[in-house]
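> Take a look and give me a structure for this.
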Amino acid sequence: MSRLRLIPCVLLPFAAGYYLSYVFRTINALIAGDLTAELHVNAADLGLLTSVYFLVFAAVQLPLGALLDRYGPKTIQSSLLLLASVGALVFALTDGLIGLIIGRALLSLGVALALMAGFKAIVLWFPPERVVLANGWLVMLGALGALTATTPAEFIVQAVGWRGLFALLAGLSAAAALLVLFAVPEPRAGPPLETRPAVANLWAIYCDPRFWRIAPLSAIGIGTSWSLQGLWAAPWLRDVTGLERAEVVQHLSVMALAVCASALLLGMAAQWLQRRSVKTELVLASTLGMSTVAQTALVLGWPLPSYLVWSVIAAAGAATVLSFAILTKYFPNDMSARANAALNLLHVGGAFVLQTATGLIIAQWPTTNGTYPVEAHQTAMAASLGLQVAALVWFVLSTPGKQVPALAVLTNAPLARAPFKVAHFSTSPSRPLSVWTAQMRLAERHAVAWRFAATVSAFLAIGLTTLLAMATTSSAIVVHVVEVSRPTGVAAGQRDGFADVRPSSRTLVKGPTLHPAIESSASAWSPTVTMRSNEGSIQTNR
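Below is the predicted model:
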């Protein structure tokens, strides 16, 4: 395929899916105030609602990553984006916290492989020397979603509300699914499964010491950036810095631009430095180290420009360009999706833990006029800062390891007990029976893994379907008590100048709570309620 065709047929369709993933990840920072005002959620609930995205994201990375390697990025990505469209509609139509959580979980499931599918497509179609640069362009184009989730999204929210915004995003998700389905070509057919050399499975990936040298640093550093940009940057700017909503939106816009520029610049810099024998691991450590210094400046109150500090923190979120480029050197192409998913599981898992823990820490302080004190935000950021410093120390002190052949990990019991030793497995013609036996053992292990993944996915689908059905079919029952003014006169009897009213009946009207739009349109209709007691009939309006 020509390079000119690679851009519209491979890069742009998958960049559209990652663009929507970035919008859904960061949009809660913009609508946090609207959700708090309309649904009366506190900081802990808001942190849980937003971090559900990362929880579901992490839960499906490994099984969906295996599906991505087996069926290819085109089929998997187009199917999942349709599910994201359903999740956006559920989020737009619900009126309670449970419904919002279900909708956000479906959104997360729908875009869970947006980045992984793009990286897989790049590995399949782009020349190896262009992979890092193509990864940078993919992340840069996707990061435009963070920019869209600021001023443009604010304009839409002011025009049609946050519900209208999510209805629009539902339509865009369906359109992106069709784009991937019809624009992306079918992947080139590889060798039959029986003739492929044995490669590492997930266990071998997690046993590789090189993986664990960069994994803590990448997961905690990038997860912190996602947590702040996706939610907690806006409350910090409001409560600590004292900015108004318009200024907060401006800061979020600058942070989004920083992510876009960082993704492209990091990809170009990594490719340029590789030609000069500078390892990409050092570029990753330097980028995340700068983010750590910026967070330290916020906690200690250093007199630095606010836009600069938050831009550095946001730019660290694009360091996935470096992390996944490093993994492409560690593992073969037909394991690229599973290797990336193994690391991305730690990314989103770290973001979930950090985002939820930040909300729990901040919620320990009481609010004043809807805002939390400065020390609440500083304590939460200092906690995540300590984890990042520990990850940096681990990266510096640990030495680069050697690759562990995956087949040896699976078939050699002594090596499985000591996975950090190097073993060599001979595939010469003199040992065809050993090779065939190893292939059969690998196939059996893969079959068990597939059954386990299918079972987990089925339970997840059943659980989400059940929760969605319960949320849509059950209606909240609200008791409306219609009071009757005290009757006066002889019929009611008077004693000592006061009306003697016998216990009379009250009308209890039970019914489902209406949507705010329906209730406002029906407010003009006031039915007359007739109440009967021993003293006669009294009419009143509800």
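
> What is the strand or helix carrying Ala143 packed up against?
Using DSSP states H and E, the element containing Ala143 is helix 131-148. Here helix 131-148 touches helix 12-39, helix 114-125, helix 245-274, helix 320-330, going by 3 or more CB pairs under 8 Å, 6 or more residues apart in numbering; DSSP states H and E. Heads up, the C-betas are built off the backbone N, CA and C, glycines and all.

> Check which residues of the third one are buried.
Within helix 245-274, the residues scored as buried using 16 or more other CB atoms under 10 Å are 248-264, 266-267, 269-271, 274.

> now stretch 317-329
Applying 16+ other CB under 10 Å to stretch 317-329 flags Gly317, Ala318, Ala319, Thr320, Val321, Leu322, Ser323, Phe324, Ala325, Ile326, Leu327, Thr328 as buried.

> what comes into contact with it?
By CB atoms under 8 Å, 6 or more residues apart in numbering, the surrounding residues in contact with stretch 317-329 are 115, 119, 123, 131-132, 135-136, 139-140, 143, 211, 214, 218, 221-222, 225-226, 229, 259-260, 262-263, 266-267, 270, 280-281, 283-284, 287-288, 336, 339-340, 343-344, 347.

> Format the CA atom coordinates belonging to it as PDB.
Below are the C-alpha coordinates for stretch 317-329, written out as PDB (Å, rounded to 0.1, in the frame of the first residue of the first chain):
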ATOM      1  CA  GLY A 317      -0.200  11.900  29.200                       C
ATOM      2  CA  ALA A 318       1.100  11.600  25.700                       C
ATOM      3  CA  ALA A 319       4.100   9.500  26.800                       C
ATOM      4  CA  THR A 320       2.200   6.400  25.700                       C
ATOM      5  CA  VAL A 321       3.900   7.100  22.300                       C
ATOM      6  CA  LEU A 322       7.200   6.200  23.900                       C
ATOM      7  CA  SER A 323       6.000   3.400  26.100                       C
ATOM      8  CA  PHE A 324       4.300   1.400  23.300                       C
ATOM      9  CA  ALA A 325       7.200   2.100  20.900                       C
ATOM     10  CA  ILE A 326       9.500   0.600  23.500                       C
ATOM     11  CA  LEU A 327       7.400  -2.600  23.600                       C
ATOM     12  CA  THR A 328       7.500  -3.000  19.800                       C
ATOM     13  CA  LYS A 329      11.300  -3.600  20.300                       C
END
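
> Report the mean confidence score over that stretch.
What stretch 317-329 shows for mean pLDDT is 87.

> So what's the gap between it and the chain middle?
What separates the centre of stretch 317-329 from the centre of its chain is 18 Å, taken as CA atoms, centre = their mean, to the nearest Å.

> what number of residues lie near Met381?
Met381 is flanked by 24 other residues according to other CB atoms under 10 Å.

> hang on, the earlier thing: angle of the helix holding Ala143 against helix 114-125?
Helix 131-148 and helix 114-125 are oriented at 150 degrees to each other (axes from the mean of the first three to the mean of the last three CA atoms, to 10 degrees).

> Distance from helix 131-148 to the middle of the chain?
16 Å.

> Tell me what angle it forms with helix 320-330.
150 degrees.

> Starting from helix 131-148, tell me the next helix or strand along the chain.
helix 151-183.

> Now Ile205. Nearest residue, chain neighbours left out?
Ala342 (4.8 Å; CB to CB, 6 or more residues apart in numbering).

> In which helix or strand does that neighbour reside?
Assigned by DSSP H and E, Ala342 falls in helix 336-362.

> Which positions in the following helix or strand past that helix come out as buried?
Proceeding N to C from helix 336-362, the next assigned helix or strand is helix 374-397, under DSSP H and E. Neighbour-count burial for helix 374-397, counted by 16+ other CB under 10 Å, picks out 376-382, 384-385, 387-388, 391-392, 394-395.

> Please report the distance of Ser21 from Phe155.
21 Å (CB to CB, to the nearest Å).

> ok, the two, which is more surrounded?
Neighbours were counted for Ser21 and for Phe155 using other CB under 10 Å; Ser21 has more, 26 against 12.

> Surely the more buried one and Leu144 touch.
No. Look at Ser21 against Leu144 with CB atoms under 8 Å: they stay out of range, at 11.5 Å.

> Can you pull out the low-pLDDT segments for the chain?
1, 187-201, 399-542 (pLDDT under 70).

> Sort out which of the contacts of stretch 317-329 are buried, if you could.
115, 119, 123, 131-132, 135-136, 139-140, 143, 211, 214, 218, 221-222, 225-226, 229, 259-260, 262-263, 266-267, 270, 280-281, 283-284, 287-288, 336, 339-340, 343-344, 347.

> quick one, the helix holding Ala342 and helix 320-330 angle?
Using the same axes, to 10 degrees: helix 336-362 against helix 320-330 is 140 degrees.

> mind listing what's buried in helix 336-362?
336-359, 361-362.

> now stretch 159-177
Neighbour-count burial for stretch 159-177 [16+ other CB under 10 Å]: 161-163, 165-167, 169-170, 172-174, 176-177.

> Kindly reformat these as JSON lines containing distance to Gly110.
Output for those, formatted as JSON lines (distance: CB to CB, whole Å):
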{"residue": "Gly161", "distance to Gly110": "22"}
{"residue": "Trp162", "distance to Gly110": "19"}
{"residue": "Arg163", "distance to Gly110": "18"}
{"residue": "Leu165", "distance to Gly110": "17"}
{"residue": "Phe166", "distance to Gly110": "13"}
{"residue": "Ala167", "distance to Gly110": "15"}
{"residue": "Leu169", "distance to Gly110": "11"}
{"residue": "Ala170", "distance to Gly110": "10"}
{"residue": "Leu172", "distance to Gly110": "12"}
{"residue": "Ser173", "distance to Gly110": "7"}
{"residue": "Ala174", "distance to Gly110": "10"}
{"residue": "Ala176", "distance to Gly110": "10"}
{"residue": "Ala177", "distance to Gly110": "9"}
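
> of those residues, closest to Leu80?
Of all these, Leu80 sits closest to Ala177, with 8.0 Å by CB to CB.

> what's near enough to touch the closest one?
Gln77, Ser78, Ser79, Leu81, Leu82, Ser85.

> And Gln378, by the same measure?
Val240, Leu298, Val299.

> make it 10 Å
Contacts for Gln378 (CB atoms under 10 Å, 6 or more residues apart in numbering) come out as Trp236, Val240, Leu298, Val299, Leu300, Gly301, Leu385.

> same question, Leu64
Leu64 makes contact with Phe57, Ile76, Leu80, Leu109, Ala112, Leu113, Met116, Ala117, Ala337, Ala341, Ala453, Ser457, according to CB under 10 Å, 6+ apart.

> follow-up on the earlier one: only whichever of the contacts of Ala177 are buried, select them in PyMOL.
Under the burial definition 16+ other CB under 10 Å, those of these that qualify are selected in PyMOL by:
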select buried, resi 77+78+79+81+85
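
> Save the contacts of Ala177 as CSV, and put in distance to Val309 and secondary structure too.
Formatted as CSV, the contacts of Ala177 follow (distance: CB to CB, whole Å; DSSP: H, G, I helix; E, B strand; the rest coil):
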residue, distance to Val309, secondary structure
Gln77, 36, helix
Ser78, 40, helix
Ser79, 41, helix
Leu81, 35, helix
Leu82, 40, helix
Ser85, 37, helix
